[in-house]
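>>> This is the structure alone, sequence omitted:
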């Protein structure tokens, strides 16, 4: 299982702050996970569309589309940050 | 000094006094204290909406936020000859004129204290997982990230044109 987290505008648009999912075979990077989520349809397809400016973190470290994801990882998706 | 994420307000003088006291024997080597306090403006940051900001809500990623801030402070300490640094960032509901963030650096000399303080703030703006939601008369909306913040952070990249120098020889 992997723990997925969604923040800010993404969380609101999806109506979900997170979930635990069994990573399907072949879903082994942030980019592949993003494409997998985008294939769910509805708000998921809209929010995870490739042109959407989303950031990701794996185990609480900023990640890129190439960052590996696997069993037991915490993967977060969120819009560009706006603190300070 | 640990970084802190909190809903409560902070007092600049108390925070600086605590930061200095925490240095123990090194406190007497402090010759410069640089502080930055960010406050909430009533100017909304999204294009096309003209009404003033009535309130702000700050969301963060508990756990990652603290780690990201600690990593930024560690980078500042590695790059400039400062003794210590402190970051306090508020989350939750805020109103215009409220204090939102404090960065303080202490060191031997002002140049490194100033630079490290600005670096921490520039990196915080682009790397620490906080998100602002504004409320105006037209409703609520999430604040868009600004390219100028990316530009500000990029100027610290090692080798960037005009990059501020790091630790002296």
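Thanks, I have the structure now. Note that the coordinates shown come from a computational prediction; the quantities given were computed from them, not determined experimentally.
>>> What segments of chain A are strands?
Assigned by DSSP state E, the strands in chain A fall at A:2-6, A:18-21, A:55-58, A:61-63, A:74-78.
>>> Closest approach to chain A from chain B, which residue is it?
Closest approach of chain B to chain A (C-beta to the nearest C-beta) occurs at residue B:130, with a separation of 2.6 Å. From N, CA and C alone the C-beta is placed, and that goes for glycine too.
>>> Kindly state the beta-bridge partners for that residue.
residue B:60 (DSSP bridges).
>>> And it, how far from residue B:152?
Look at residue B:130 and residue B:152: by C-beta to C-beta, to the nearest Å, they are 16 Å apart.
>>> Have a look at these two and say which one is more surrounded.
residue B:130 (25 against 17; other C-beta atoms under 10 Å in any protein chain shown).
>>> need the contact list for that one.
Residue B:130 sits next to A:81, A:82, A:83, A:84, B:58, B:59, B:60, B:65, B:89, B:91 when contact means C-beta atoms under 8 Å, 6 or more residues apart in numbering or on different chains.
>>> So what sits opposite residue B:142 in the bridge?
residue B:133.
>>> my bad, should have said residue A:3
Going by DSSP bridges, residue A:3 forms beta bridges with residue A:20, residue A:74.
>>> From residue B:63, how far off is it?
On the measure of C-beta to C-beta, residue A:3 and residue B:63 end up 12 Å apart.
>>> Which helix or strand contains the residue nearest in space to the middle of chain B?
The residue lying closest to the centre of chain B (C-alpha atoms, centre = their mean) is residue B:121, at 3.8 Å. Element membership for residue B:121 (DSSP states H and E) is helix B:110-127.
>>> again, but for residue B:57
Going by DSSP H and E, residue B:57 is in strand B:55-60.
>>> Buried residues of stretch B:139-146, list them for me.
B:141, B:142, B:143, B:145 (16 or more other C-beta atoms under 10 Å in any protein chain shown).
>>> residues in contact with the longest helix along chain A?
Determined from DSSP state H, the single longest helix within chain A is helix A:30-38. Helix A:30-38 is contacted from outside by A:2, A:4, A:23-24, A:26-27, A:44-45, A:47-50, A:54, A:56, A:58, A:63-67, A:69, A:75, A:77, using C-beta under 8 Å, 6+ apart.
>>> give the contact list for the closest residue to chain B within chain A.
Going by C-beta to the nearest C-beta, chain B is nearest to residue A:83 of chain A, at 2.6 Å. Neighbour list for residue A:83: B:58, B:60, B:89, B:101, B:124, B:125, B:128, B:129, B:130, B:131, B:132 [criterion: C-beta under 8 Å, 6+ apart].
>>> Is it possible to get these out as CSV so that each row also shows pLDDT?
Formatted as CSV, those follow (pLDDT from 0 to 100):
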residue, pLDDT
B:58, 98
B:60, 98
B:89, 98
B:101, 98
B:124, 97
B:125, 96
B:128, 97
B:129, 98
B:130, 98
B:131, 98
B:132, 96
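>>> I'd like the residues you listed written out as CSV, with distance to residue B:6 added.
Putting the contacts of residue A:83 into CSV (distance: C-beta to C-beta, whole Å) gives the following:
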residue, distance to residue B:6
B:58, 11
B:60, 11
B:89, 8
B:101, 11
B:124, 15
B:125, 19
B:128, 14
B:129, 16
B:130, 13
B:131, 17
B:132, 16
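>>> Following element in sequence after the host helix or strand of residue B:140, please.
Using DSSP H and E, residue B:140 falls within strand B:139-142. As assigned by DSSP H and E, the chain's next helix or strand after strand B:139-142 is helix B:147-154.
>>> in chain A, which segments are predicted with low confidence?
Counting by pLDDT under 70, not a single residue of chain A qualifies.
>>> my guess is residue A:10 contacts residue A:54, does it?
Yes: between residue A:10 and residue A:54 there is a contact at 6.8 Å, judged by C-beta atoms under 8 Å.
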